[in-house]
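Novice: Predicted model and sequence below, questions to follow.
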Amino acid sequence: MSLYISRLTALANEAAEVNEESLDKAAALMAETAAAGGLIHLYGSGHSVLPAQETFPRYGSFIAFHPLTDPRVMWHNVLGAGGVRELLWLERTEGYAEKFLDHQPINDGDTLVVFGHSGTNASGIDTALYCKKRGVKVIAINSSFNRNKKSKHSSGKLLADTADVAIDTRSPVEDAIVPIDGWSRPVSGSSTVLAMILMHELVARTAEKLAEKGIELPVFASPTIEGVTLNDTDEIYGQYKERLIEAQSKHLPFFKERMSGKA
């Protein structure tokens, strides 16, 4: 039997079972936003950036998504500038996220999906609270095994406390899931892969709910499929750009007030 795959598959099946109702509620929120022409924002820091990047853009995804990717809370080196140590400090520091978010086309009626294994870092909690103030519905994807921890955030909240819908990855507190005889700590992390699986489930359910409303959004398709040209992706980027410009135009008055110190 495999060491990692069998354990991960069991957790994924468990996550599908315990989250059935929450996945449906979350997909309904996302479909409502997409149907109205809004954006489904995706946010994470550290490894939790990866589910956002995996969701959009990619083949099989559609133009309602907007990754909020801040290079400062992603690691590009192991050590030194752009390294993990610096990013860990920044994602745990309150008040930074809003400086980045002010520039993003976040509007009333949008939806935010925020990823974070522990659900305790300031970066994710700040982002969720910021979006809630802007009239955005929040979906949190993290591990319920971390939800009994005491909050370190000045709001007194954990990430799941900020959410309209909380989805449980079922990843253990340790994240790593394979014990090794003779080793004091388990190996092979699970939280990022499980978050990606759950997000792909949400992508599929959202598309299904849009289809039930008679709405089809442009989907990225691989040019290896017969009939799909190399230009197909560029055409969809053009439609995506239109959606972003609409969101940026709607966001501009808030941004100007914010920069003037009034908002």
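Specialist: Structure's in. What do you need?

Novice: Residue for residue, what is the longest helix this structure has?
Specialist: When the chain is parsed with DSSP state H, its longest helix is helix 232-260.

Novice: What's the mean pLDDT across that one?
Specialist: Across helix 232-260, pLDDT averages out at 96.

Novice: Who are the packing partners of it?
Specialist: In terms of contacts (3 or more Cβ pairs under 8 Å, 6 or more residues apart in numbering; DSSP states H and E), helix 232-260 is packed against no helix or strand at all. All C-beta spots, glycine's among them, are computed from the backbone N, C-alpha and C.

Novice: tell me which residues in it are buried?
Specialist: By 16 or more other Cβ atoms under 10 Å, the buried positions in helix 232-260 come out as Asp232, Thr233, Ile236, Tyr240, Arg243, Ala247, Lys250, His251, Phe254, Phe255.

Novice: quick one: that helix to chain centroid distance?
Specialist: 19 Å (Cα atoms, centre = their mean, to the nearest Å).

Novice: contact partners of stretch 213-223?
Specialist: 31, 34-35, 57-64, 207, 210, 228-230, 232-233, 235-236, 239-240 (Cβ atoms under 8 Å, 6 or more residues apart in numbering).

Novice: mind redoing it with 10 Å?
Specialist: 31-32, 34-35, 56-65, 203, 206-207, 209-211, 227-233, 235-240, 243 (Cβ atoms under 10 Å, 6 or more residues apart in numbering).

Novice: ok, now stretch 145-154?
Specialist: Against stretch 145-154 from outside (Cβ under 10 Å, 6+ apart): 92, 94-95, 116-122, 124-126, 129, 140, 156-162, 166, 168-175, 191.

Novice: The same query, at a cut-off of 6 Å, please.
Specialist: Residues from elsewhere that reach stretch 145-154 (Cβ atoms under 6 Å, 6 or more residues apart in numbering): Ser118, Gly119, Thr120, Ala122, Ile125, Lys157, Leu158, Ala160, Pro172, Val173.

Novice: and if you look at stretch 105-119?
Specialist: Stretch 105-119 is contacted by residues 29-30, 33, 36, 38-44, 48, 51, 124, 127-128, 131, 134-143, 146, 158-160, 175, 191, 195, 247-248, 250-251 when judged by Cβ under 6 Å, 6+ apart.

Novice: mind listing the strands for this protein?
Specialist: With strands called from DSSP state E, the chain shows them at 40-43, 65-67, 111-115, 137-142, 165-168, 176-178, 187-189.
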